[in-house]
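# Sequence and predicted structure are below.
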Amino acid sequence: MPSAVVVLPAGAEEMEFVASVDVLRRAGVTVTVGGLDGTDPVKCSRDVVIVPDVALSSIDKDSFDVIVLPGGLGGAKAMAASSLIGDLLRNQEKNGKLIAAICASPAMVLKAHEIGVGKKITCYPSFKDQLDDKFTFVDEIVVQDGKLITSQGPATAFAFGVKIAENLVGAEKANQVANGILLK
């Protein structure tokens, strides 16, 4: 069964986080919520509190098919500053595995850790000027370039989750999930 770790930093955008976890679980993906700062409850950007399954520092860095980075300015800043996130992402990229980032995370986290340099990505539109010449911005709700999936923000989070699921469990199952949540 495919597996995902969804990173949970303080200040994460909860809609992006929950939609990604929900869609992936509906698709049959084993999802682990990895707390950036441990296992204590995490306050997200709109004061919703979520409890991680595990401390991100305790995971086996080779055991997940995808690493998912939610947005939210505070969460993206924390992940951009985290050497642990950098190490996990570089390992994932080196091993040719999926990385998925939404909202501020493509522009802040991927750029900070030099992940996916040269690829086509999208992000929250107000962050596109921060991409410099490291990436090519594409104004679409979800963009996939190789093993990198990016998306724009809260309203695109379900389509983002479905694209990740499509890569992990196939288009047929991903479409069943999309239809089941009335996305299509």
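Looks like it came in fine.
# average pLDDT across stretch 145-157?
In this model, stretch 145-157 has a mean pLDDT of 98.
# what do you get for stretch 86-103?
Stretch 86-103 carries an average pLDDT of 98.
# ok, now stretch 121-138?
Across stretch 121-138, pLDDT averages out at 94.
# Can you list the buried residues in that stretch?
Neighbour-count burial for stretch 121-138 flags 121-124, 127-128, 131, 134-135, 137 (criterion: 16 or more other C-beta atoms under 10 Å). Backbone N, C-alpha and C define where each C-beta goes, glycine included.
# before we move on, what about stretch 158-176?
158-169, 173-174, 176.
# quick one: which of those sit in helices?
158-169, 173-174, 176 (DSSP state H).
# And the helices in the protein, which stretches?
Assigned by DSSP H, the helices in the chain fall at 14-26, 73-81, 83-94, 105, 111-112, 157-169, 171-180.
# Pick the most deeply packed of those helices.
helix 105 (a mean of 33; mean count of other C-beta atoms under 10 Å).
# Give me the helices and strands touching that helix, please.
Judged by 3 or more C-beta pairs under 8 Å, 6 or more residues apart in numbering; DSSP states H and E, the packing partners of helix 105 are helix 73-81.
# Return the distance of the helix it packs on from the chain's centre.
Centroid displacement of helix 73-81 relative to its chain, using C-alpha atoms, centre = their mean, to the nearest Å, is 13 Å.
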